[in-house]
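Chemist: fold the following.
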Amino acid sequence: KNIEEWKSILHRYERIPNKEIQKILKVSFDALEEDEQGVFLDIACCFKGYDLREVKDILCAHHGQCIDYLIGVLVEKNLIKIIHLDSHATVTLHDLIEDMGKEIVRQESPKEPGKRSRLWFYEDIVKVFEENLGTSQIEIIYLKFPLFEEEVDNEEEVEWKGDELKKMKNLKTLIIKNGRFSRAPEQLPNSLRVLEWP
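Modeler: Have a look, this model is predicted:
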């Protein structure tokens, strides 16, 4: 679909409850190949607003050298957009399409976040770490600690034993921003390809 068609569809369904909108948008997702779906979910859940080069570097570890092609397919189908400004290119997508992607992942295990493929929601990740609820289903963890204006200098600390990553045997990307843990991880999974640790 081109951009005008998407705008027309979104305008037409402005008054429809969010659940119905998600069903309509999911038709485009369902038409994607499996690897295209994977890249879309990675971007929707974790990498909206990221620099394009950084997204490619990270996702190449998940999807191999065909990442340029896969991102191109998503752009062509207007599921994501690349915004060029000066010498930078940023990956973004419409809020409703982002919500649709996140809901698809949430539905993998609505009540147990440790059984989802991607984790990005602060409370879910802290719960998984502090209660040691991780599983082999988790492939990406993107944890951005909230910054409270009155406590900008005080990074929040997650209490954990340090061995919680052991169960995450398929974890490929672990990105932690703005926070810290009570101790360093004892062991990193062999599957890990991308690590940003405070």
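Chemist: and Arg118, how close does it get to Pro110?
Modeler: 14 Å (C-beta to C-beta, to the nearest Å). C-betas here are computed from N, CA, C, even on glycine.
Chemist: pick out whichever of these two has more residues nearby.
Modeler: Residue environment comparison for Arg118 versus Pro110 gives the larger neighbour count to Arg118, 25 against 10, counting by other C-beta atoms under 10 Å.
Chemist: show me what stretch 92-111 is in contact with.
Modeler: Residues lying outside stretch 92-111 but in contact with it, judged by C-beta atoms under 8 Å, 6 or more residues apart in numbering, are 6, 10, 18, 21-22, 25-26, 29, 40-41, 43-45, 48-49, 79-83, 115-118, 120, 137.
Chemist: so where do the helices sit in the protein?
Modeler: Counting by DSSP state H, the chain has these helices, from start to end: 3-12, 18-30, 34-42, 52-63, 67-76, 95-106, 122-130.
Chemist: what mean pLDDT does the last one have?
Modeler: When pLDDT is averaged along helix 122-130, the result is 91.
Chemist: so where's this protein shaky on pLDDT?
Modeler: Regions of the chain meeting the criterion pLDDT under 70 cover residues 1-2, 9-18, 147-156.
Chemist: how does it look with 50?
Modeler: Residues of the chain that meet the criterion pLDDT under 50 lie in 149-152.
Chemist: please name the nearest non-neighbouring residue to Asp57.
Modeler: Leaving out its chain neighbours, the residue that sits closest to Asp57 by C-beta to C-beta, 6 or more residues apart in numbering is Val194, at 7.9 Å.
Chemist: quick check, that neighbour in contact with Leu171.
Modeler: No. The pair Val194 / Leu171 is not scored as a contact, 9.8 Å apart, by C-beta atoms under 8 Å.
Chemist: higher neighbour count, these two?
Modeler: Neighbours per residue, other C-beta under 10 Å: of Val194 and Leu171, the larger number sits with Leu171, 24 against 17.
Chemist: my guess is the more buried one meets Ile138, correct?
Modeler: Yes. Counting by C-beta under 8 Å, Leu171 does reach Ile138; the two are 5.5 Å apart.
Chemist: which parts of this protein belong to which domain?
Modeler: 3-100, 108-196 (automatic domain parsing).
Chemist: quick revisit: filter the contacts of stretch 92-111 to the buried ones?
Modeler: Buried positions within the contacts of stretch 92-111, assessed by neighbour count (16 or more other C-beta atoms under 10 Å), are 6, 21-22, 25, 29, 40-41, 43-45, 48, 79-80, 115-118, 120, 137.
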